[in-house]
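Chemist: Build me a structure from this.
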Amino acid sequence: MELTKRVINQSILVVLPLVLFTFLVRAKLEQIEFLVLLGNPRLIPASILIGGILGILNLKGLAWGIESLLGTHKANVTLLILNILRLLILFIIITILVAFRLVNLFGLILGMTVVLFILIKEGLKMARQQ
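Modeler: This is a model prediction of the structure:
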């Protein structure tokens, strides 16, 4: 899908500079108490990158599920099951990362939110064109 490729490319173009920026201001981020409560502030750059990757993989999984089921008569039930399975896998991955303190929750959410906002922006842009 053209939309998926555009979202992925734009997400990479936003997430990588964001990771670099947070890496450069990491010392200032360590002084913010709110970020300390959500995990090790030193992990924020890596967490943003992981969040962006998880957001992109989630989008790819959604696109794959929809594309593979177009035209089948049992698409509704199968698509529902695949989406629940995809979200369950995403939930398990995030839970493991947070439970073992491998990520900062703020960075993870920020990385995933970047992908979400770009998806919404591109979806609205595509809807206006049609």
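Chemist: Quick check: phi and psi on Leu102?
Modeler: Main-chain dihedrals, Leu102, degrees, to the nearest 10: phi -90, psi -10.
Chemist: any weak-confidence spans in the protein?
Modeler: 1, 71-75 (pLDDT under 70).
Chemist: Mind telling me which residue is nearest the centre of it?
Modeler: Central residue of the chain (C-alpha atoms, centre = their mean): Gly55, 1.9 Å from the mean position.
Chemist: wouldn't it be in contact with Ile109 here?
Modeler: No. In this structure, Gly55 is not within contact of Ile109 by C-beta atoms under 8 Å, at 10.0 Å. Quick note: C-beta positions are derived from backbone N, CA and C, even for glycine.
Chemist: Tell me the secondary structure of the residue nearest to the centre of the chain, please.
Modeler: Secondary structure, DSSP: H, G, I helix; E, B strand; the rest coil: Gly55 is helix.
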